[in-house]
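Visitor: any chance you can model this:
(2 chains)
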2 protein chains.
Amino acid sequence: MTSLSLSGVFAPVLTPVDANLDIDLPLYIEFCQWLLETGCHGLVLFGTNSEATSFSVAERMAAVDAVLNAGIPAEKVIVGNGTPAVSDGVELARHALAAGCHGVMTLPPFYYPKVSDEGLFRAFAYIIEKTADPALKMYFYHIPQISGIGLSADLLDRLATAFPGVATGVKDSSGDLENLRRFQQVGAAHPGFSVLCGTESLLLANLRGGGGGCISGMANVIPDQIRVLYDNWRAPDADAQQTRLNWLRNAALGTGYNVIAAAKALTADRTGKDGWCRVRPPLVELGEAQRRTLTAAAQAAEPVLA
Amino acid sequence: MTSLSLSGVFAPVLTPVDANLDIDLPLYIEFCQWLLETGCHGLVLFGTNSEATSFSVAERMAAVDAVLNAGIPAEKVIVGNGTPAVSDGVELARHALAAGCHGVMTLPPFYYPKVSDEGLFRAFAYIIEKTADPALKMYFYHIPQISGIGLSADLLDRLATAFPGVATGVKDSSGDLENLRRFQQVGAAHPGFSVLCGTESLLLANLRGGGGGCISGMANVIPDQIRVLYDNWRAPDADAQQTRLNWLRNAALGTGYNVIAAAKALTADRTGKDGWCRVRPPLVELGEAQRRTLTAAAQAAEPVLA
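Guide: Model prediction:
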């Protein structure tokens, strides 16, 4: 990561749980190490693919501590601190900063379906001002199809203007190229404000438009493949690489299964550890027949990637 | 409250905040006392009208402690323990039980927009099983227009069957009479399972259909008026009373303003304490012109209620 503007391939790290549905810390640490060894520039602990909202503030902080204590470099770690309660966002941000993490990724408070941009500005400002640390780097998290709350380019521009050096970027998980381009304009207007796309299928478009990279759920499954495209995005065959990269995504997601349960099942396949399939409620793990279908779809896509 | 099935008029207590946006405990205690003196049978601390999701678990527990330490009878208190993380729900339930509270009111985990009944069953079961206290009484909270997650009558029936004496009721805030009737059928099939409506405008229909009463945001504003209807629901003029009761609701809500900000503004009017108008982000307090419009609408409705 550069200190000027965040760039690279990041995984919103899947969170393994044990039979008691508590975070399986040894497996978690092992997985974080594998992700960094296999292509990721950095890790987002507790994004949507991590089932972030299914874990308490205390559980999240303990997991961050465990990963850092195991030797994962703190500067490669961004901590998801989005919760409905802004006071929780402050606690998680302070904890991440005290541990030396690069920054936080922040969902808007997501209970009320109708909130104004003024209300969202105040929510993010509350977290920034109460965290009260100029070292804070906050990446706003736009995933309206899940959170129910979209972030407008106007809001991001207002935040970047009000909090330069602290409001340092956005993750756009909308999957909407037009929206990504609006966010890229915000980035262009505010040096150091990085635009990360939430799907590797837009990685090339994002890098070409001045974005910094991607934080993609599929980076939990094929970090190496995504990294290859990131490293070669100026190559003559980059478009063909992007198209190849999309095939596995489409094969896995084409099953229509919950993407988190699916990514965990593929990780169980890769590691041979079936415990990886577990999820916390309200999610439900894939059934056996679903898992067979998913595995077959992923295997059929593999030769394409070779 | 009867130990057999919850009945009465309950307020989802508004949460006053000070200039620092922390809970104003003296004002909160004073308000809880007023609600019980003015008609409420009991209090729901941290429902939607309380901005529950805007406060951390620690903030909620401290507020519950403050109210009980001030002498509010614990058996008249239900604590909202709905959060996206089921582990938080366990912590809040254990705290409420240790304090002697009547029970908890539980939202489904509300981040993911698509969750199955199986996933919701597991989420509620997690909280019940990890709380591990047979004294637990859980009221499920159906407010799909806000939380994005509806509870089906089939799910409630499954929960009431699996956890008799613990799965003790539902709050239906959908405002949908047909849905309320489906829930009443669940109540009829499970003795001790109480159906509370989330709006006093359906109070008569709910009591006539075997429901236990209401937990209504307007009980923060006119607990006395709602209590009169509750006490007289078998009177010959009950329908006329219900119609009169609806007028103030329609006058206040007819402004289209956020109902929580509006209820707080009306409380500021009543008490003469403008600090009542404050809300936590992402909500925004009413502007001055909005407040004048609301006050005028409420005053115009008042003679009708005399």
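
Visitor: start and end of stretch A:110-122, how far apart?
Guide: 14 Å (CA to CA, to the nearest Å).

Visitor: please apply the same query to stretch A:227-242.
Guide: This stretch, stretch A:227-242, spans 11 Å end to end (CA to CA).

Visitor: buried ones in that stretch, by neighbour count?
Guide: Within stretch A:227-242, the residues scored as buried using 16 or more other CB atoms under 10 Å in any protein chain shown are A:227, A:228, A:229, A:230, A:233, A:238, A:241, A:242. Every C-beta, even on glycine, is put in place using the N, C-alpha and C of the backbone.

Visitor: how about those residues in JSON lines, adding pLDDT?
Guide: What follows is the buried residues of stretch A:227-242, written out as JSON lines (pLDDT from 0 to 100):
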{"residue": "A:227", "pLDDT": "97"}
{"residue": "A:228", "pLDDT": "96"}
{"residue": "A:229", "pLDDT": "96"}
{"residue": "A:230", "pLDDT": "98"}
{"residue": "A:233", "pLDDT": "97"}
{"residue": "A:238", "pLDDT": "96"}
{"residue": "A:241", "pLDDT": "93"}
{"residue": "A:242", "pLDDT": "95"}
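
Visitor: rebuild those as JSON lines, extending it with secondary structure and distance to chain B.
Guide: Shown next, in JSON lines, are these (DSSP: H, G, I helix; E, B strand; the rest coil; distance: CB to the nearest CB, whole Å):
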{"residue": "A:227", "secondary structure": "helix", "distance to chain B": "29"}
{"residue": "A:228", "secondary structure": "helix", "distance to chain B": "31"}
{"residue": "A:229", "secondary structure": "helix", "distance to chain B": "29"}
{"residue": "A:230", "secondary structure": "helix", "distance to chain B": "29"}
{"residue": "A:233", "secondary structure": "coil", "distance to chain B": "32"}
{"residue": "A:238", "secondary structure": "helix", "distance to chain B": "34"}
{"residue": "A:241", "secondary structure": "helix", "distance to chain B": "32"}
{"residue": "A:242", "secondary structure": "helix", "distance to chain B": "28"}
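
Visitor: I figured residue A:206 hits residue A:214, correct?
Guide: Yes: between residue A:206 and residue A:214 a contact is recorded at 6.7 Å, counting by CB atoms under 8 Å.

Visitor: that older thread, out of the buried residues of stretch A:227-242, who's nearest residue B:270?
Guide: Checking the buried residues of stretch A:227-242 against residue B:270 with CB to CB, the nearest one is residue A:230 at 60.0 Å.

Visitor: what's that closest one in contact with, if anything?
Guide: Applying CB atoms under 8 Å, 6 or more residues apart in numbering or on different chains to residue A:230 gives the contacts A:8, A:9, A:203, A:207, A:213, A:214.

Visitor: hang on, the earlier thing: more neighbours: residue A:206 and residue A:214, which one.
Guide: The residue with more neighbours, out of residue A:206 and residue A:214, is residue A:214; 31 against 26, by other CB atoms under 10 Å in any protein chain shown.

Visitor: now do the helix or strand hosting that one, average pLDDT.
Guide: Using DSSP states H and E, residue A:214 falls within strand A:213-215. Averaged across strand A:213-215, pLDDT comes to 98.

Visitor: from the chain's centre, how far out does that strand sit?
Guide: The chain centre lies 8 Å from the centre of strand A:213-215; the measure is CA atoms, centre = their mean, to the nearest Å.

Visitor: what about residue A:69, distance to residue A:35?
Guide: The spacing between residue A:69 and residue A:35, counted by CB to CB, to the nearest Å, is 17 Å.

Visitor: out of the two, which sits in the busier spot?
Guide: residue A:35 (23 against 11).

Visitor: around chain B, pick out the residues from the stretch 1-150 of chain A.
Guide: Applying CB under 8 Å from any CB of the partner chain, we find that the stretch 1-150 of chain A lies next to chain B at A:21, A:53-57, A:59, A:83-88, A:91, A:108-113, A:115-116, A:118-120, A:122-123, A:125-126, A:145-148.

Visitor: any of those buried? List them.
Guide: Those of the residues of the stretch 1-150 of chain A next to chain B that meet the buried threshold are A:21, A:53-57, A:59, A:83-88, A:91, A:108-112, A:115, A:119-120, A:122-123, A:125-126, A:146-148, by 16+ other CB under 10 Å.

Visitor: and the nearest residue to residue A:190 once chain neighbours are set aside, what element?
Guide: Leaving aside its chain neighbours, residue A:190 sits nearest to residue A:160 (4.1 Å; criterion: CB to CB, 6 or more residues apart in numbering or on different chains). Element membership of residue A:160, judged by DSSP H and E, is helix A:153-162.

Visitor: distance from stretch A:71-90 to the middle of the chain?
Guide: Distance, centroid of stretch A:71-90 to centroid of chain: 12 Å (CA atoms, centre = their mean).

Visitor: same check on stretch A:73-91?
Guide: Distance, centroid of stretch A:73-91 to centroid of chain: 12 Å (CA atoms, centre = their mean).

Visitor: span of that stretch from start to end?
Guide: Note: stretch A:73-91 ends 21 Å apart using CA to CA.

Visitor: wait, what's in contact with residue A:136?
Guide: Counting by CB under 8 Å, 6+ apart, residue A:136 has contacts A:93, A:97, A:103, A:104, A:128, A:166.

Visitor: in a strand, the fifth one, correct?
Guide: Just to be clear, that refers to residue A:128. No: counting by DSSP: H, G, I helix; E, B strand; the rest coil, residue A:128 falls outside a strand, being helix.

Visitor: separation between it and chain B?
Guide: Using CB to the nearest CB, to the nearest Å, we find residue A:128 at a distance of 12 Å from chain B.

Visitor: quick check: pLDDT value at that residue.
Guide: On the pLDDT scale, residue A:128 gets 98.

Visitor: I'd assumed residue A:164 was in contact with it.
Guide: No: judged on CB under 8 Å, residue A:128 makes no contact with residue A:164 at a distance of 11.4 Å.

Visitor: more crowded one of these two?
Guide: Higher neighbour count among residue A:128 and residue A:164: residue A:128, with 22 against 13, using other CB under 10 Å.

Visitor: related to what we said a few turns ago, who touches both of residue A:206 and residue A:214?
Guide: A:196, A:197.

Visitor: quick revisit: OK, contacts around the residue nearest to residue A:190?
Guide: Residues near residue A:160 by CB under 8 Å, 6+ apart: A:167, A:186, A:189, A:190, A:193.

Visitor: picking that back up, of the contacts of residue A:230 - the most surrounded one?
Guide: residue A:214 (31 neighbours).

Visitor: and that one, how far from residue A:294?
Guide: With distances taken as CB to CB, residue A:214 is found 22 Å from residue A:294.

Visitor: same question, residue A:78
Guide: According to CB to CB, residue A:78 and residue A:294 sit 28 Å apart.

Visitor: ok, these two, which is more surrounded?
Guide: More crowded of residue A:78 and residue A:294, by other CB under 10 Å: residue A:78, with 29 against 23.

Visitor: hmm, residue A:105 and that one touching each other?
Guide: Yes: counting by CB under 8 Å, residue A:78 touches residue A:105, with 5.3 Å between them.
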